[in-house]
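Peer 1: For reference, the sequence and a predicted model appear below.
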Amino acid sequence: MRCLYDVLNVTNDADDTQLKKAYRQAALQWHPDKNQERQQEAEVRFKEIQNAYEILSDKHERAWYDSHRAQILRADGNYQAGGGGFSSDEAAPPEDLSLYQYFSSSCYNSYNDDPKGFYTVYREVFEGLSKHESEAAERTGKKGPSPASFGLSDSPWSEVSAFYRYWLQFVSDREFGWADVHNLASAPNRKVRRLMEEDNKKRRRGARREFQENVRSLVEFVRKRDRRVAAWQQQEELNKQQRLAAEAQRKEEERLQRIQRAREYEDAAWVDAGATDEDSHDEELVLAQDELYCVACDKFFKSANALANHEKSKKHLERAEALRDAMQEEEDALSPIAESDAENEALADTTLWL
């Protein structure tokens, strides 16, 4: 596995502009369409260039790569997809702890369930991890939720989301005994033995922490490239836009209803103004009710105090402002028509006078 900086022919401190320029040059040079005479080699190099730029252009993935570059470059090619088994021997670091070779698109060929496909490769990786975690939990007597499967390319979102929920919070049950550097049996006395034991525990904790961080980083790496996740995010965005459109339509309908109620209220007021004295006594109760009615909120109140308190509320003030704006828009729309009618009437009067 080549260093990603060497793949793009840039230095370790290259900025985003330099990375982009180097990527374009390398991609143009090794594009399969421009290398028909060496098609297979060009496809491999072009994929390697894409992978290098994809990682180095992401600040989080680049930071992780920079801090683990030595281990990644030492990763044995025998551990590549389909390269063989996992070991449970705790005398040395188990082979399945070497996850660095899977932080590259070179470990899979396509996004399908073929033997070298994206979903087969990573399914086998996490199945191997799950197997050893289950064995470790059984040895230590720990009981917890079973590791979630990575699934297939067409797995439902419920299974996909369960996988990422589990592995993004992964905690290992392994003992990490291979990280010990002291043989307690060689301790000359209890004090030295205790110091040796504390140092071994510290090294085990460090090995556990590093392994867990590597697993979670691999899960993030995979999630970013998982097309099932991309499809779900796209559908969620579509659903969000539909909800926003429905909410906007609902608010518009409410605005039109408030305008209609305001017009009806004004019409009723004109009718009341033309009523006779004989009708005034019968309509006193209705007028009293109208006085305790909030047009903006379409709500009646039992007393003047209740109405007064309501008119001071933030919700009322917002609705009243919205109603005034809507009525002003309506008035502005009708004003040119009214002015035209007035001009016509004046012209008619002038013609009649002549």
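Peer 2: The structure has been received and is ready for your questions. All of these numbers come straight from a predicted model, not from anything done at the bench.

Peer 1: Let me see the domain layout of the chain.
Peer 2: With automatic domain parsing serving as the domain definition, the record reports that the chain contains domains spanning 1-74, 285-354.

Peer 1: most packed of those?
Peer 2: Greatest average neighbour count among the domains of the chain goes to domain 1-74 (a mean of 15), per mean count of other Cβ atoms under 10 Å. Quick note: C-beta positions are derived from backbone N, CA and C, even for glycine.

Peer 1: So which elements touch whichever helix in the chain runs longest?
Peer 2: If each helix of the chain is counted by residues according to DSSP state H, the longest one is helix 227-273. If you count contacts as 3 or more Cβ pairs under 8 Å, 6 or more residues apart in numbering; DSSP states H and E, helix 227-273 packs onto helix 157-167, helix 277-291, helix 314-353.

Peer 1: Can you tell me which of those helices has the worst average pLDDT?
Peer 2: Among these, helix 277-291 carries the lowest mean pLDDT, at a mean of 49.

Peer 1: Could you name the helices and strands sitting against the next helix or strand after it?
Peer 2: Moving toward the C-terminus from helix 277-291, the next helix or strand (DSSP states H and E) is strand 293-294. With contacts defined as 3+ Cβ pairs under 8 Å, 6+ apart, the packing partners of strand 293-294 are strand 299-300, helix 304-311.

Peer 1: how close does Gln235 sit to Arg228?
Peer 2: The span separating Gln235 from Arg228 equals 11 Å under the rule Cβ to Cβ, to the nearest Å.

Peer 1: Between the two, which has more neighbouring residues?
Peer 2: Neighbours around Gln235 and Arg228, counted as other Cβ atoms under 10 Å, are more numerous at Arg228. The numbers are 21 against 11.

Peer 1: Contacts for stretch 148-165, please.
Peer 2: For stretch 148-165, contacts defined as Cβ atoms under 8 Å, 6 or more residues apart in numbering pick out 111-113, 117-119, 122-123, 125-127, 130, 166-167, 219, 223, 226-229, 232.

Peer 1: Just the buried residues of those.
Peer 2: The neighbour-count test (16 or more other Cβ atoms under 10 Å) marks 117-119, 122-123, 125-126, 130, 166-167, 219, 223, 226, 228-229 as buried among these.

Peer 1: and which of these is nearest Phe176?
Peer 2: Ranking the buried ones among the contacts of stretch 148-165 by separation from Phe176, with Cβ to Cβ as the measure, puts Ser130 on top at 17.5 Å.

Peer 1: Hmm, that closest one is touching Pro147, no?
Peer 2: Yes. With contact defined as Cβ atoms under 8 Å, Ser130 and Pro147 form a contacting pair (3.7 Å).

Peer 1: The helix or strand where Gln212 lies - contacts with which helices or strands?
Peer 2: Counting by DSSP H and E, the element that carries Gln212 is helix 190-225. When contacts are defined as 3+ Cβ pairs under 8 Å, 6+ apart, helix 190-225 packs onto helix 59-74, helix 118-140, helix 157-167.

Peer 1: Quick one: distance of that helix to the chain centre.
Peer 2: Distance of helix 190-225 from the chain centroid (Cα atoms, centre = their mean, to the nearest Å) equals 29 Å.
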